[in-house]
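1. Structure for the following, please:
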Amino acid sequence: MATTLGFDVYGTLIDTNGVLTALKRLVGDKALAFSQTWRDKQLEYSFRRGLMQNYQTFAVCTSQALDYICDFHRVSLTDEQKAELLSIYRVLPAFSDVQEGLSQLKEAGFRLYAFSNGKADALELLLNSAGVRDLFLGVVSVDDIKVFKPSPATYGHFLRQARATGGSAWLISSNPFDVIGAISAGMKAAWVKRYPEAIFDPWGIEPTTIVKSLVELREQITKCESVLE
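-> Predicted structure coming up:
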């Protein structure tokens, strides 16, 4: 059976800093810190809701995180300005390596799926806007089961939806928590180290492989698969 690859979306395929242009206009020199802490708080809210078993959609986590970050950075935004930022978040750009990297993998016969905490309709819009939706066989959303990554249930859900087994499936993610979650659930995983300063959590669980760009994936996964056979 062909190897199945599940791609995390936010931060792996899609650049969440794509909102910076609007942020620079709205918050000036606080833009980069605002963007980074917004993303951190967004993830924190998803983790906390998962632990509390109090599910809300990823869009709700994103919106509530924006409200928090405005207070944190002492920034006053109108409802219209917040709506503008949330609208931009729905059509963020892909990283520059994504089109080429995914195309190489698809041409090599890998089965590609998008796999995300976002809702399916939001993911369809986002990936279509970024020009990469047609490279995927499908989109798998954790919203179907109302649980966020890195719950083991999410990776089991992905495998069922993709009709794959843990031994024949990989997660591709820039998020260490996601990589650790997938490996703990029996999958293989590639960590996309998008930034030189990125640190992998020292939990005693290592990525199957590490790449700096999606363009490196075909060679690295093929190499790992041949070693593991």
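2. Any regions of the protein where pLDDT drops low?
-> 228-229 (pLDDT under 70).
3. Kindly list the longest helix within it.
-> In the chain, assigned by DSSP state H, the helix with the most residues is helix 31-52.
4. Now for residue 196, how many residues are close by?
-> Counted by other C-beta atoms under 10 Å, the residues lying close to residue 196 total 6. All C-beta atoms are positioned from the backbone trio N, CA, C, and that covers glycine.
5. quick one on the thing from earlier: whichever helix or strand comes after the longest helix of the chain: how far from the chain's middle?
-> Of the helices and strands lying after helix 31-52 in sequence (DSSP states H and E), the nearest is helix 58-72. Put simply, helix 58-72 sits 18 Å off its chain's centre (C-alpha atoms, centre = their mean, to the nearest Å).
6. between whatever helix or strand comes next after helix 58-72 and helix 58-72, how big is the angle?
-> The helix or strand immediately downstream of helix 58-72 is helix 79-89, counting by DSSP H and E. On the basis of axes from the mean of the first three to the mean of the last three C-alpha atoms, to 10 degrees, helix 79-89 is oriented at 130 degrees to helix 58-72.
7. Run the angle between helix 79-89 and helix 31-52 for me.
-> Using the same axes, to 10 degrees: helix 79-89 against helix 31-52 is 80 degrees.
8. Can you tell me what sits against helix 79-89?
-> 16, 18-19, 22-23, 26, 59, 62-63, 66-67, 70, 77 (C-beta atoms under 8 Å, 6 or more residues apart in numbering).
9. which among those end up buried?
-> 16, 18-19, 22-23, 26, 59, 62-63, 66, 70, 77 (16 or more other C-beta atoms under 10 Å).
10. Identify, from those, the entry nearest to residue 144.
-> Checking those against residue 144 with C-beta to C-beta, the nearest one is residue 59 at 15.2 Å.
11. mind listing what that closest one touches?
-> Here residue 59 is in contact with 86, 118-119, 122 (C-beta under 8 Å, 6+ apart).
12. ok, now residue 37?
-> Residue 37 touches 69, 72-73, counting by C-beta under 8 Å, 6+ apart.
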